[in-house]
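Provided below for reference: sequence and predicted model.
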Amino acid sequence: MDRHRRLDETRQSWDHATRLHNAHKRDQAAFLRADGSTLFPEERELLGELRGRRLLHLLCNSGQDTLSLAARGASCVGVDLSPEAVSFARQLSTDSGIPAAFHQAEVFAFLEGELERASFDLVFASYGALPWIDDVKRLFTLVRDRLAPGGRVVLLEFHPLAWSFDERFQLADPYFAPGRVFTLPVSDYVGESGASLAPSGFVAQDAPPNPHAAHAFQHTVADIVTAAIEAGLTIEALREWPYANGCRLHAGLVAAEGARFTTPPGVPSLPLMLGVVARR
Ligand SMILES: C[S@@+](CC[C@H](N)C(=O)[O-])C[C@H]1O[C@@H](n2cnc3c(N)ncnc32)[C@H](O)[C@@H]1O
């Protein structure tokens with residue numbers, strides 16, 4: 001399948017899933033207006049001071065995290081492939097009174113084109129962004145060119161090993177899968193995670209399965225870190241955590257304190273999140 005068609009299908013799958021995900025969340029604008037935040041301590045720590053920073057949020061979906069970052073003082077630009085997500089984000093910005101700019105674009109097209117001379121102090125991507133990138137080397141090279149000297153890229157991701165296990169903790173998919181395309185619809189992971197992904201209040205509702213397939217990729221820790229180094233960036237932090245923030249990645253994980261999910265008692269710990277900070 002050519003790249004154009006693959007992206008088109010992925011976009012349709014995200015449009016469908018995003019509508020459903022937001023329908024699970026009560027008044028998000030009121031939550032943000034009341035100083036609510038969708039950020040977790042891990043990204044707060046890795047990002048550091050935000051006041052006055054120019055921040056580019058890649059694959060920002062409906063902008064809840066972007067606006068939470070903007071509310072902490074960053075001047076934020078978000079970019080996402082899904083028109084549904086971007087129009088929701090713009091409305092949420094208006095309704096919450098938190099300014100941020102949102103662009104609907106494929107990430108490489110955006111980084112190569114629309115922002116020619118813009119530069120950022122921070123480029124941030126998180127929680128299920130990298131699996132949608134078909135070329136991490138190209139991503140880091142383009143991101144480097146958008147960073148001001150001394151600027152940092154911060155990734156807070158689900159750990160690539162987490163995708164290899166099924167809900168019984170059996171190895172189901174290879175950790176090493178260069179070039180392989182994983183095709184399946186974007187799930188109702190907000191419905192499956194409940195209040196953990198809906199801090200404004202969770203609305204339970206059943207929905208028929210997403211009819212649109214999406215196309216994702218597997219990148220190992222070494223793929224990600226090597227791509228950053230080869231782009232000329234300096235790795236400043238590399239972190240792993242035995243839990244996943246917000247998202248029940250699969251049904252075998254159990255709820256833990258702080259709106260997290262982890263392996264159940266009796267199952268050895270696994271790395272479920274990965275943090276990378278690299279500086280230009
Ligand atoms: C799991 S969500 C990311 C969640 C996000 N970190 C947040 O703050 O809510 C993945 C997003 O990637 C977007 N996406 C997928 N492929 C993309 C691409 N090639 N370019 C830009 N966005 C893309 C999807 O539309 C979706 O909104």
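Yep, it's here. Computed from a predicted structure; not experimentally measured. Residues are numbered from 1 along each chain as shown.

which residues of the stretch 1-150 of the chain score low on pLDDT?
Residue ranges of the stretch 1-150 of the chain with pLDDT under 70: 114-117.

flag every residue of it that's near the ligand.
7, 10, 14, 59-61, 64-65, 80-82, 85, 106-107, 126-129, 132 (C-beta under 6 Å from any ligand atom). To be clear about C-beta, it is placed using only N, CA and C from the backbone, and glycine gets the same treatment.

so which of the residues you listed belong to helices?
Of those, the ones assigned to helices by DSSP state H are Leu7, Thr10, Trp14, Gln64, Asp65, Ala85, Val107.

go through the residues you listed and say which is closest to Pro271.
Asp65 (21.7 Å; C-beta to C-beta).

isn't that closest one up against Ala129?
No - with contact defined as C-beta atoms under 8 Å, Asp65 does not reach Ala129; the gap is 10.6 Å.

quick one: buried residues of stretch 252-266?
Buried positions in stretch 252-266, judged by neighbour count with 16 or more other C-beta atoms under 10 Å: Gly252, Leu253, Ala256, Ala259, Arg260, Phe261, Thr262, Thr263.

nearest spatial neighbour of Ala278, skipping sequence neighbours?
In this structure, Ala278 finds its nearest non-sequential neighbour in Leu233, 3.8 Å apart by C-beta to C-beta, 6 or more residues apart in numbering.

who are the contact partners of that neighbour?
Contacts for Leu233 (C-beta atoms under 8 Å, 6 or more residues apart in numbering) come out as Phe140, Arg144, Val153, Ala278, Arg279, Arg280.

name all residues that make contact with the closest residue to Pro174 other than its chain neighbours.
Nearest residue to Pro174 in three dimensions, chain neighbours excluded: Ser164, at 6.8 Å (C-beta to C-beta, 6+ apart). With contact taken as C-beta under 8 Å, 6+ apart, Ser164 is in contact with Leu171, Ala172, Asp173, Pro174, Tyr175.
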